[in-house]
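Show me how the following folds:
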Amino acid sequence: MKNNREKKKRFTVSFYHDWCKSCGICMAFCPQKIITPGKEGKPEIFEKDSCVGCRFCEMHCPDFAITVSESNISRRRDNE
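Numbers count the residues shown, from 1 in each chain. Presented below is the predicted three-dimensional model:
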């Protein structure tokens, strides 16, 4: 049985808009559909906590303009 107190992993997605050509591949491959076009069609994430860290966007970006990394949020509870 899975522990209910198990921590949910969180991820940070960084876009390098100077490298991005606004091709939309990241938006098409995101299984959570949280990447949307922002200013000038460049990708943005509107629900950051919904990212599951699959890295599909990172792997399929032809411009290497996306980085997905696991966030390490330390909480007071961790230090007890």
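
could you measure V68 against E40, distance?
From V68 across to E40, the span is 22 Å (CB to CB, to the nearest Å). In this view, the C-beta of every residue, glycine as well, is placed from N, C-alpha and C.

I'd like to know how many residues surround I35.
24 (other CB atoms under 10 Å).

can you give me the strands in this protein?
10-15, 35-37, 43-45, 66-71 (DSSP state E).

mind checking how far the second one is from the chain centre?
In terms of CA atoms, centre = their mean, to the nearest Å, the centre of strand 35-37 is set 11 Å apart from its chain centre.

contacts for it?
Contact with strand 35-37 is made by V13, S22, G24, C26, M27, P43, E44, I45, F46, C57, as judged by CB atoms under 8 Å, 6 or more residues apart in numbering.

Name the residue in V68 and E40 with the higher neighbour count.
Higher neighbour count among V68 and E40: V68, with 17 against 8, using other CB under 10 Å.

Now do the contacts for the more buried one.
F11, T12, V13, S14, C51, G53, R55, C57, E58.
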